[in-house]
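S.K.: Generate a structure from the sequence data that follows.
(one chain, ligands or ions: 2)
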Amino acid sequence: MGNDIILEMKNICKSFPGVVALNNVSLSIKRGEVHALCGENGAGKSTLMKILYGIYRADSGEIWINGEKRNITSPVKAQENGLSIIFQEFNLVDTLSVAENIFLGRLKTTKSGKIDWKSIEKDAAELMLHIGCDIDPKTPVGSLSVSQKQMVEIAKALSYNAEIIVMDEPSATLTDREMENLYRIIQELKEKKITIIYISHKMDEIFKITDRVTVLRDGVVICTLDTCKTCREEIVSNMVGRCLGQEYPKRENYSGEKVLEVKNINRKGVLNDVSFCLHRGEVLGIAGLVGAGRTELVRAIFGADRISSGKVFVNGKEVRIKSPIDAIRNGIALLTEDRKQQGLILNNTVKENISITNLKDIVKFGLLMNSKENNIAKEYVDRLSVKTSSINQKCINLSGGNQQKVVLAKWLYSNADILILDEPTRGIDVGAKQEIYHIINELVKMGKAVIMISSEIPEVLALSDRILVMHKGRITREFKNESRNVTPEQVMNCAIG
Ligand SMILES: Nc1ncnc2c1ncn2[C@@H]1O[C@H](COP(=O)(O)OP(=O)(O)OP(=O)(O)O)[C@@H](O)[C@H]1O
Ligand SMILES: [Mg+2]
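M.R.: Numbers count the residues shown, from 1 in each chain. Ligands and ions are numbered 1, 2, ... in the order given. Purely as a prediction, here's the structure:
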């Protein structure tokens, strides 16, 4: 690798109304390295990369590529300069096919000037296959799962044959197998001397695939470290500016009476005779590989998908949940996996998004009590350390991780007794994750019941009092975990089936 510098960003400054997102940031990237960018939610990682890709203009600063100063004023200019990016928020058009999305704006034509669908679809299929994903390129993107969409983003970024590829939290939504595929692709790209800037909150993968790490905090570069010469603690303490205590906070067991019982739920081809119960004061973890039916199960309970047979009891009474509204009326809340689609009204403010699930609490005699709404929003913004210039900021202007914190705040504030959290810590930085663990602990202490799905097995094991393992739409095993003695191997064995 040597000291061949491919990219330098020098003294970059960028402010938005009320926030200094980047303050004199300089970054130097070597040819062929995988360079991690780390930092808490809102530290400025995505903004820096959007400036590099010509989406935002820096207020000041310079970009040098291959020893020459470049003026990158648009994504097209960025592509001409050998750059490509996988966005944190998907940038795909739902109504178009996979192939159309990959080659959007540069569809090949035949000699007679017609669009050459055959060749486009063939190229798309090859790209998808190369990244280990066998989706038909004719499929409309709108019908794909979150992780499949991410694979399309990756294929698209690769299709530009760029010299430098920026990946903004590419693995946040991927399954284990897809993640392994991504790591393999990164290795192959590296062998071809392609440079990768990799944004991630996952320490494991930073150590697995990156050569160097740059840490940003509050828009300032704190340090650049050789990955092989540093450790998790050093990176984390540079990110948060303090030492973090124990990763998973301890908690007593408060398990009480049954609040939810599910009996023999079926949904054709997806859920097979699923029965379980949930108790007040309990955290119930649901583990399993992607496709095992975890999300489908909680969507069915929440009334988002129809069930073909089965019964649901809340507080001992049978309930018919035909829609999410029925579920909310019965005190059930669902934090969805796909937050962008289902979680937030992006053009509304932080405050409005938090209060929406519990308007009853802030409306008196038909009037909205502004000061109460403000106080509640402020309380949650503080508790989850949501980084925003004010509670009146529109959610669309928050960083990815901070948008997720707002979704979480909204459901925490709802007066639901049963909280179903599907991947609650995805894309959330280490400090805020701990805060979420504390909040989950507090919720069960208050007598609420929590169902948690997470692809991070250590997290499920550390937080859950009981764990259900799913495989192919069935519950294959239940573990009691009061003393936190279940091991990842035990869970994995059952998850594989
Ligand atoms: N278009 C915008 N308008 C106003 N503020 C913005 C805008 N884009 C980003 N910001 C602010 O700039 C800061 C940096 O955001 P950025 O998205 O770069 O963070 P990040 O490090 O990528 O965080 P995450 O890990 O959550 O993705 C945040 O405070 C954010 O609210
Ligand atoms: Mg970001």
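
S.K.: Tell me how far residue 325 lies from residue 262.
M.R.: Here the criterion is CB to CB, to the nearest Å. By it, residue 325 lies 19 Å from residue 262. In short, each C-beta sits where N, CA and C put it, glycine included.

S.K.: I meant residue 177, not that one.
M.R.: To residue 262, residue 177 is 29 Å away according to CB to CB.

S.K.: Who has more neighbours out of these two?
M.R.: residue 262 (20 against 14; other CB atoms under 10 Å).

S.K.: what secondary structure does the closest residue to ligand 1 within the chain sit in?
M.R.: Closest residue of the chain to ligand 1, CB to the nearest ligand atom: residue 401 (2.7 Å). Classification of residue 401 by DSSP: H, G, I helix; E, B strand; the rest coil places it in helix.

S.K.: and the nearest residue to it once chain neighbours are set aside, what is it in contact with?
M.R.: Nearest residue to residue 401, sequence neighbours excluded (CB to CB, 6 or more residues apart in numbering): residue 41, at 2.9 Å. Each residue near residue 41 by CB atoms under 8 Å, 6 or more residues apart in numbering is listed here: 387, 399-402, 404-405, 427-429, 432.

S.K.: Quick check: the two most widely separated of these?
M.R.: Within the contacts of residue 41, 387 and 427 form the most distant pair, 13.6 Å apart (CB to CB).

S.K.: So for the residue of the stretch 101-250 of the chain found nearest ligand 2, what's the pLDDT?
M.R.: As assessed by CB to the ion, ligand 2 sits closest to residue 168 within the stretch 101-250 of the chain, at 5.9 Å. For residue 168, the pLDDT comes out at 93.

S.K.: from now on call the first residue 57
M.R.: Understood, numbering begins at 57; the last thing we discussed is residue 224.

S.K.: now the closest residue to it other than its chain neighbours, what's its secondary structure?
M.R.: In space, and not counting its chain neighbours, residue 224 is closest to residue 144: 4.0 Å by CB to CB, 6+ apart. Secondary structure, three-state DSSP: residue 144 is coil.

S.K.: number of nearby residues for residue 144?
M.R.: 23.

S.K.: Next, the contact list for it, please.
M.R.: Residue 144 touches 102, 224-225, 228, 255, 456, 483, counting by CB under 8 Å, 6+ apart.

S.K.: wouldn't residue 318 be in contact with residue 368 here?
M.R.: Yes. Between residue 318 and residue 368 a contact is recorded at 5.6 Å, counting by CB atoms under 8 Å.

S.K.: Please tell me I have it right and residue 532 contacts residue 549.
M.R.: No. Using CB under 8 Å, residue 532 is not in contact with residue 549, being 9.8 Å away.

S.K.: who's more crowded, those two?
M.R.: The neighbour count for residue 532 versus residue 549, taken as other CB under 10 Å, is higher for residue 532 (16 against 13).

S.K.: Which of the helices or strands spans that one?
M.R.: Assigned by DSSP states H and E, residue 532 belongs to strand 530-536.

S.K.: do the same with residue 65
M.R.: Applying DSSP H and E, one finds residue 65 within strand 61-72.

S.K.: does ligand 1 sit close to that strand?
M.R.: Yes. Counting by CB under 6 Å from any ligand atom, ligand 1 is contacted by strand 61-72 at residue 72.

S.K.: which of the residues in the next helix or strand after that strand are buried?
M.R.: With elements assigned by DSSP H and E, the helix or strand that comes after strand 61-72 is strand 75-86. Buried residues in strand 75-86, counted by 16 or more other CB atoms under 10 Å: 75, 77-79, 81, 83-86.

S.K.: need the helices for the stretch 157-306 of the chain, in chain order.
M.R.: 173-186, 202-215, 232-247, 259-265, 288-296 (DSSP state H, counting those that start in this stretch).

S.K.: Please work out which of the ones you listed is packed deepest.
M.R.: Of all the helices of the stretch 157-306 of the chain, helix 202-215 carries the top mean neighbour count, a mean of 22, counting by mean count of other CB atoms under 10 Å.

S.K.: who are the neighbours in contact with residue 340?
M.R.: Residues near residue 340 by CB under 8 Å, 6+ apart: 332, 334, 505-508, 520-524.

S.K.: which two from those residues end up farthest apart in space?
M.R.: Across those, the longest distance by CB to CB is 14.7 Å; it joins 505 and 523.

S.K.: who's residue 322 bridged to?
M.R.: residue 365 (DSSP bridges).

S.K.: Can you read off the pLDDT for it?
M.R.: With respect to pLDDT, residue 322 scores 95.

S.K.: Surely it and residue 365 touch.
M.R.: Yes. Using CB under 8 Å, residue 322 makes contact with residue 365 at a distance of 4.8 Å.

S.K.: Which one's more surrounded, those two?
M.R.: Neighbour count, other CB under 10 Å: between residue 322 and residue 365, residue 322 has more, with 16 against 12.

S.K.: related to what we said a few turns ago, contacts for the strand holding residue 65 next, please.
M.R.: For strand 61-72, contacts defined as CB under 8 Å, 6+ apart pick out 76-88, 100, 103-104, 107-108, 112, 114-123, 219-220, 251, 275, 445, 453.

S.K.: Over to stretch 410-430?
M.R.: Outside stretch 410-430, the residues that touch it by CB under 8 Å, 6+ apart are 384, 389, 401, 404, 407, 432-433, 436, 447, 462, 465-467, 469-471.

S.K.: in the stretch 407-553 of the chain, which spans are strands?
M.R.: For the stretch 407-553 of the chain, applying DSSP state E, counting those that start in this stretch gives strands covering 419-420, 423-424, 474-478, 505-509, 522-527, 530-536.

S.K.: now for these, which one comes closest to residue 151?
M.R.: Closest among these, using CB to CB: strand 474-478, at 25.6 Å.

S.K.: Give me the contacts around the closest one.
M.R.: Residues outside strand 474-478 that contact it (CB under 8 Å, 6+ apart): 315-316, 334, 350-351, 354, 357-358, 370, 387-393, 464, 467-468, 496, 499, 504-509.

S.K.: Render the CA-only coordinates of it in CSV, please.
M.R.: What follows is strand 474-478, C-alpha atoms only, in CSV (Å, rounded to 0.1, in the frame of the first residue of the first chain):
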residue,chain,number,x,y,z
ILE,A,474,-46.5,-4.4,25.2
LEU,A,475,-43.6,-3.1,23.2
ILE,A,476,-42.3,-5.0,20.3
LEU,A,477,-38.9,-3.8,19.2
ASP,A,478,-37.7,-5.1,15.8
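
S.K.: who does it pair up with?
M.R.: The strands that strand 474-478 pairs with in its sheet are strand 388-391 (parallel), strand 505-509 (parallel) (by DSSP bridges).

S.K.: Sounds good, over and out.
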